[in-house]
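Trainee: okay, predicted coordinates and the sequence, questions at the end:
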Amino acid sequence: MTFNPLEQRGIPLDRQVRSWRELNVSPIDPDASDPYTRCRIITMNGIEVEASLFSHQLARNTVDPEVKRKLAEVRYVEAQQQKAVNWLLPGVSSVLETTIAYEQVAVDLTSWIARMEPDPYLQQAYQFGVLEDFDHLYRYANLYEMIEHRKAEAIVDGLTEVMPGRPTRMHHRHPYDNVRDPYDKAATDPLSKLHALTVMSAEQQTMNFYMNTGPTYMEPIARQLYQEIGLIEEEHVTHYESLVDPGETWWEQLVNHEYNECYLYYSFMEQESHPKVKALWELHLNMELEHLRIAGDLMRRHDGRDPEEVLAPQLPKVLTFEPNKEYLRELLATQFDLTTLGAGYVREAHERFEQMQQRLHDGEKPPSDRVIDQHRQTFDRDYRVETEGPHPVESERA
């Protein structure tokens, strides 16, 4: 069944503000819920945070007080949506448990988008990035067993493997080589715009999460690992945000944001197994339909164009959280040793890359390597979840 958000009417904006009682959502039980329910929650929190940040930036770049007021009105509801979504996360989970869930999101969300992306250049960008998130999951899982004496398999629940990806020490590139070529807004598939915005938003919230939670640890190796991977998340945000055509007007970007929220809430409502969470996705979808209508009116008034000119005529196939084990193993076997050069990809360590590595590492092992060394010293092994057989790269086998 097709679903066109531009043809649907949602809840009127003046009926969308919720009371404290309505915002007081019950968190999920991590032991009784589908791990992908938590992944959907984390994803939508990132999407709502990006919606708020974008709205603030737009408001700071317009002189029209009526536009500022309308943005503020919608943004307040978006802020309530973000609180309702993020407060679904269980307070019983440690920061490191949430971190591992964040990386599961990055791995399976980006893998699915890479599989579905119609543009080969954009697809390569997602394939490249996901092998780095995959390695971050492995490093944090080893830290988790080392300092909390628990295993990440209870979090990922066999849906996502845990083993080395492209080694984290190799992710530190010269900033020049983190900037990709943008898509052409006039020629790209509307689905590609949604993909780019979704992955950028997810990586942005991971960057923000690590830069704020990292120093809350007392263990030196934990503080150092969050610091290192937090720097890489900054690289990833640069990598993904540069895919977006900078020629898109503020109003195009606004309708893209609102359309993407409709797409994701609809997708997650369609597959959600948790009844209360499913009801929240449906409620927020009906709110976002009205936000999209308002954004479309602003575009017509200030851009002189209809939103139908830049948006898909109907929602694409729903975005799905599902295992991507074989896909990731294929990427590991074929793209494990890639790095970037300018806006492209190479297998050779070029001069800029080597200079950045030397300056940052300065002859010492980075925290991402030391956490594995310390784990092996403690347990005589590293921590892995390899459900599909040995590692596809022989040098990385246990």
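Mentor: Perfect, thanks for sending it. What you see is a predicted model; the values in this text were computed from it and never measured.

Trainee: was I right about L194 contacting E261?
Mentor: No: using CB atoms under 8 Å, L194 makes no contact with E261, being 10.1 Å away. No exception for glycine: its C-beta is placed from N, CA and C like everyone else's.

Trainee: quick one: mean pLDDT for the helix or strand where V199 lies?
Mentor: V199 belongs to helix 190-213 when assigned by DSSP states H and E. Helix 190-213 shows a mean pLDDT of 97.

Trainee: for stretch 140-158, same thing?
Mentor: 97.

Trainee: which one of L194 and E261 has more residues nearby?
Mentor: Between L194 and E261, E261 has the larger neighbour count (other CB atoms under 10 Å), namely 27 against 21.

Trainee: distance of the closest residue in space to D157 that isn't next to it in sequence relative to A152?
Mentor: Closest residue to D157 apart from its sequence neighbours, by CB to CB, 6 or more residues apart in numbering: P35 at 4.5 Å. For P35, the distance to A152 equals 11 Å [CB to CB, to the nearest Å].

Trainee: just P175 next, same as before
Mentor: Counting by CB to CB, the gap from P175 to A152 is 31 Å.

Trainee: between these two, tell me which one has more neighbours.
Mentor: A152 (27 against 11).

Trainee: what residues are up against the residue nearest the centre of the chain?
Mentor: The residue lying closest to the centre of the chain (CA atoms, centre = their mean) is A202, at 2.0 Å. By CB atoms under 8 Å, 6 or more residues apart in numbering, the contact list for A202 reads I42, T43, G46, I47, V105, A106, L109, T110.

Trainee: I figured the second one hits D108, correct?
Mentor: I take that to be T43. No: T43 lies out of contact with D108 (CB under 8 Å); the separation is 9.9 Å.

Trainee: give me the number of residues near the nearest residue to S94 once chain neighbours are set aside?
Mentor: Residue nearest to S94 in three dimensions, not counting chain neighbours: E148, with 6.4 Å by CB to CB, 6+ apart. Residues lying near E148 (other CB under 10 Å) number 13.

Trainee: and A106, by the same measure?
Mentor: 26.

Trainee: torsion angles phi and psi at R15?
Mentor: Backbone geometry at R15, expressed as degrees, to the nearest 10, gives phi -110, psi 10.

Trainee: repeat that for L341.
Mentor: Dihedral angles (degrees, to the nearest 10) for L341: phi -140, psi 110.

Trainee: report how many residues lie close to it.
Mentor: 19.

Trainee: where exactly do the strands run in the stretch 1-150 of the chain?
Mentor: Using DSSP state E, counting those that start in this stretch, the stretch 1-150 of the chain contains no strands.

Trainee: any weak-confidence spans in it?
Mentor: 1 (pLDDT under 70).

Trainee: if we use 50, what do you get?
Mentor: Filtered on pLDDT under 50, the stretch 1-150 of the chain yields no residues whatsoever.

Trainee: what sits closest to H274 if chain neighbours are left out?
Mentor: T37 is the one closest to H274 (CB to CB, 6+ apart), at 4.9 Å.

Trainee: F54 too?
Mentor: Closest to F54 by CB to CB, 6+ apart is H257, at 5.6 Å.

Trainee: look at F353 and give its secondary structure.
Mentor: helix (DSSP: H, G, I helix; E, B strand; the rest coil).

Trainee: looking at the contacts of A202, which are in helices?
Mentor: I42, T43, G46, I47, V105, A106, L109, T110 (DSSP state H).

Trainee: what sits against the last one?
Mentor: Which is T110. Y126, G129, V130, D133, V199, A202.

Trainee: ok, the second one to L231 distance?
Mentor: The reference is to G129. 15 Å.

Trainee: swap in the fifth one?
Mentor: Remark: distance between V199 and L231 (CB to CB) = 19 Å.

Trainee: before we move on, the earlier item: including distance to H291, could the ones in helices among the contacts of A202 go into JSON lines?
Mentor: Below are the ones in helices among the contacts of A202 laid out as JSON lines (distance: CB to CB, whole Å):
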{"residue": "I42", "distance to H291": "21"}
{"residue": "T43", "distance to H291": "18"}
{"residue": "G46", "distance to H291": "17"}
{"residue": "I47", "distance to H291": "12"}
{"residue": "V105", "distance to H291": "23"}
{"residue": "A106", "distance to H291": "26"}
{"residue": "L109", "distance to H291": "22"}
{"residue": "T110", "distance to H291": "26"}
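
Trainee: show me which of those residues are buried.
Mentor: By neighbour count, with 16 or more other CB atoms under 10 Å, the ones in helices among the contacts of A202 hold I42, T43, G46, I47, V105, A106, L109, T110 as buried.

Trainee: between those, which sits nearest E97?
Mentor: Ranked by distance to E97 (CB to CB), these are led by I42 at 11.8 Å.

Trainee: got the contact list for the closest residue to that closest one other than its chain neighbours?
Mentor: Nearest residue to I42, sequence neighbours excluded (CB to CB, 6+ apart): V105, at 4.8 Å. Counting by CB under 8 Å, 6+ apart, V105 makes contact with C39, I42, T43, A202.

Trainee: check Y345 too.
Mentor: Q124, F128, L338, T339.

Trainee: do that again at 6 Å, thanks
Mentor: The contact partners of Y345, by CB atoms under 6 Å, 6 or more residues apart in numbering, come to L338.

Trainee: partners of the helix or strand containing it in the sheet?
Mentor: Element membership for Y345, per DSSP H and E: strand 344-346. Here strand 344-346 is paired, per DSSP bridges, with strand 339-341 (antiparallel).

Trainee: against Q81, how distant is A72?
Mentor: In terms of CB to CB, A72 sits 15 Å off from Q81.
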